[in-house]
Structures are given as C-alpha cells and as structure tokens.
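Trainee: Whatever this is, show me its structure:
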Amino acid sequence: MAQKLQTLGEFIIENQSSFQYSSGELSSLINSIRLAAKVVNHEVNKAGLVDIIGAAGDTNIQGEDQQKLDVYANDKFIQTLTNRNIVCGIASEEEDDFICINSQDENHQNKYIVLIDPLDGSSNIDVNVSVGTIFSIYRRITPVGTPVQLEDFLQKGSEQVAAGYVVYGTSTMLVYTTGDGVNGFTLNPAIGSFYLSHPRMEFPVDGNIYSVNEGNYFDFPQGIKNYIKYCQKEEDDRPYTSRYIGSLVSDFHRNMIKGGIYMYPQGSKNPKGKLRLLYECNPMAYLAEQANGIASDGFKRIMDIQPTELHQRVPFICGSKNMVEKAEEFMRNA
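Mentor: Numbers count the residues shown, from 1 in each chain. Next up is the predicted model:
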C-alpha cells in the first residue's frame, strides 16, 4: 500500500511543539503565506494567456522597473497577511517603507513581522523561467500592542524565527524552516494542497555546480575571479559545471538538492552588492544553515550583519559548506 503523503497543514500541527513559541500564531502565519502563494501561483501559470506579463510602468524603491506580476504578488501577500490579522507589520522589497498593521487597536497583540520579496526573478516571467517568493519572519522587539517601529525590522538574521521560499516552476514548492531543519512541500494543483515531498533537505557538503553571472566577470573582486578560475580548472573533480538561472530562488533550490555554490559579489556597478540583506540574503542564509550549508558575504556570516536600513544590499555567497569555505579562502588571500 502506498504511504499517505502528509499535507503542509498536518505537518505544521504535528511539529508545532518543536517551535519554542508554540502559541499557534506562527502556524497561522505560515498557513497565510501558503494561501497567498497558491493565489500567486495561479496567476503565474496564466502568464501569456492574460495581460499579466511585462512592465507595470513604475519603478520600485531600488529604481528597478516593476513587472505587473511584481505588483500583483506584492498586493496579494500584503492583503492576505493583513486580512488574517496575524502580523503587526510587513516590509516588502516593493514598498518604500514598512507597513504598520492595526496600530490604533489597543487589543492588537500580534507579535510577528514579515519581510518579503513577493516575486524574486520576475524579469524571467516573460520567457517562462522559474521565479519565486522569499519570506522572513521575526518576533517584534518593541512592546506588543504598540505600533511597530523600524527597529523591529532591522534585526540580525540570527534572530529569525522562520524563513522560506516558494518556487513556481515545473511544480510549485514551498520550502521553509522554523529552526529545526528544512522541509519542502509540493503543490498538487488538482486539489490545491501542499504535500511533504522533500523532508529534511540538506546541501551536500561538496558540490560541482557554481552559479554566478559570468557576464560581470571583469567587475568582480579579484578573490571571486580567482575562485571562478579554480572552478574551471581541470584538476581532481573539476572543472565544475556552470549553471545560472538569474532567479535566486531557483538557483538556490537546485544547488541545495544537487550541491553547489551561488555567488553575487560586489563590484564597481554594485559596490555594496546587489541582493537585499533583509528580503533575500537573511532568509536564504537561515535556510542554508538549517540545511547544512553556509551563507557569507565573502568574509563573515550573513546572519551576523547588523542591518542599518530596510533596503540594504550586501554581497552574497551561499551553498555547500566546502565550496563556500574555499571561496572565502580565495577572498581572504586576494
């Protein structure tokens, strides 16, 4: 007899006691993200059939052109999290400032804030390449019942209580951690339920894939250039395979399953790095560490960086332990 697959809802209930704040709030929050992801997935799968692809005509706070699906996904996640009355604040890569929820309600006792990249890699939508959603969850540090403040969002990644991503690809998966390993759930579109398909996901200690936009090679720091040459050299188990999709979620997901390293270093075009610490790097770093991997800026642990602004950018190197440590060695010795 085939083994019955466990749904995401069943998994959350069964494992709620392993979470140190097992009040049920976090479980409801994960369920809300699941619901919004299903709505966004439905629209992503209609891209090309309806007027949902292409630029929306606006730019976000980073000065990047917003895609129509960026705006749609941002609205849906904010709407779902707000309507369910389970968070006290939201910060999105697509918003200039954080959103304070129910700040005038004296009985508002919600403790969690969410930082989200609603649609990572959205420029790939037009060419039918996988995109994703990234989320990060913290407990607020200002008094419960008062309006959230900027300091609630500017916490180190090490203070995260949960993080995850949704990848909208050949199948749709929700992958997340609450600090007790990483588990992946695949959506069955016929009945609209996520099922546990990838329990206890981990990066292989070694890998043979390196993911970096080599078109920017001459703009990279010397240490990264030296590491790329190391990856390409015919010696021992090298050369490694180069694989770069351009959607962080997709590159990370592949490397976690197969073993590899993802790099987006700083350069003259992006002197502080390109990826956002709060919406992309911290949640992916938390997932990586929970999956036996490493996330670094080339010199130090990503989750030890003290944020100073909502849309702060940092260099990002993440993946299999031995590969990241070797890249850091090249950075130190450059």
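Trainee: all helices of the chain, in order?
Mentor: Under the criterion DSSP state H, helices of the chain are mapped to 8-15, 25-44, 68-83, 150-153, 222-232, 248-258, 282-290, 321-333.
Trainee: Spatially central residue in this protein, please.
Mentor: Of all residues in the chain, the one closest to the mean position by CA atoms, centre = their mean is Ile134, 3.3 Å from it.
Trainee: Is it bridged to anything, and to what?
Mentor: With DSSP bridges applied, Ile134 shows beta-bridge pairing to Asp117, Tyr165.
Trainee: wait, doesn't it sit right on Gly121?
Mentor: No: judged on CB atoms under 8 Å, Ile134 makes no contact with Gly121 at a distance of 10.0 Å. From N, CA and C alone the C-beta is placed, and that goes for glycine too.
Trainee: Pull up the overlap in contacts between these two.
Mentor: 248-249 (CB atoms under 8 Å, 6 or more residues apart in numbering).
Trainee: Look up the closest residue to Ile224, ignoring the ones flanking it.
Mentor: Spatially, and ignoring its direct neighbours in sequence, Ile224 is nearest to Pro265 (4.7 Å; CB to CB, 6 or more residues apart in numbering).
Trainee: Wait, that neighbour touches Phe220, no?
Mentor: Yes: using CB under 8 Å, Pro265 is in contact with Phe220, at 5.4 Å.
Trainee: Can you get me a residue count around Ala334?
Mentor: Ala334 has 13 neighbours, counted by other CB atoms under 10 Å.
Trainee: ok, it - contacts?
Mentor: Counting by CB under 8 Å, 6+ apart, Ala334 makes contact with 221-223, 226.
Trainee: how about a cut-off of 10 Å?
Mentor: Neighbour list for Ala334: 221-227, 298 [criterion: CB atoms under 10 Å, 6 or more residues apart in numbering].
Trainee: would you turn those into a markdown table with pLDDT, distance to Gln155 and neighbour count?
Mentor: Formatted as a markdown table, the contacts of Ala334 follow (pLDDT from 0 to 100; distance: CB to CB, whole Å; neighbours: other CB atoms under 10 Å):
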| residue | pLDDT | distance to Gln155 | neighbour count |
| --- | --- | --- | --- |
| Pro221 | 96 | 28 | 16 |
| Gln222 | 97 | 33 | 11 |
| Gly223 | 97 | 29 | 19 |
| Ile224 | 98 | 28 | 25 |
| Lys225 | 97 | 34 | 16 |
| Asn226 | 98 | 34 | 17 |
| Tyr227 | 98 | 31 | 27 |
| Gly298 | 97 | 22 | 23 |
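Trainee: Quick one: these as TSV, columns for distance to Ser247 too.
Mentor: Below are the contacts of Ala334 laid out as TSV (distance: CB to CB, whole Å):
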residue	distance to Ser247
Pro221	23
Gln222	27
Gly223	25
Ile224	20
Lys225	24
Asn226	27
Tyr227	22
Gly298	22
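Trainee: Identify, from the residues you listed, the entry nearest to Gly246.
Mentor: Distance to Gly246, by CB to CB, is smallest for Ile224 among the contacts of Ala334, at 17.4 Å.
Trainee: Distance check, that closest one against Lys111.
Mentor: Going from Ile224 to Lys111 by CB to CB, to the nearest Å gives 40 Å.
Trainee: What of Asp251?
Mentor: Following CB to CB, the distance that separates Asp251 from Lys111 is 33 Å.
Trainee: Those two: which is more packed in?
Mentor: More neighbours surround Asp251 than the other of Asp251 and Lys111, with 27 against 17 (other CB under 10 Å).
Trainee: for the helices of the chain, which one sits closest to Phe194?
Mentor: Among the helices of the chain, helix 8-15 sits nearest to Phe194 (CB to CB), with 4.0 Å.
Trainee: picking up where we left off before, dump the residue contacts of the residue nearest to the centre of the chain.
Mentor: So Ile134 contacts 93, 115-121, 163-167, 248-249, 252, 276, 279-284, 287 (CB under 10 Å, 6+ apart).
Trainee: Quick check: PyMOL command selecting the buried ones in those.
Mentor: Burial among the contacts of Ile134 is assessed by 16 or more other CB atoms under 10 Å; the matching PyMOL selection reads:
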select buried, resi 93+115+116+117+118+119+120+121+163+164+165+166+167+248+249+252+276+279+280+281+282+283+284+287
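Trainee: what about the closest residue to Phe203 other than its chain neighbours, distance to Leu119?
Mentor: Distances taken as CB to CB, 6+ apart place Gly293 nearest to Phe203, at 3.8 Å, with adjacent residues excluded. Look at Gly293 and Leu119: by CB to CB, they are 24 Å apart.
Trainee: hang on, the earlier thing: relative to Asn333, how far out is the residue nearest to the centre of the chain?
Mentor: 32 Å.
Trainee: How about Thr146?
Mentor: From Thr146 across to Asn333, the span is 49 Å (CB to CB).
Trainee: same check, this time on Tyr279
Mentor: Look at Tyr279 and Asn333: by CB to CB, they are 31 Å apart.
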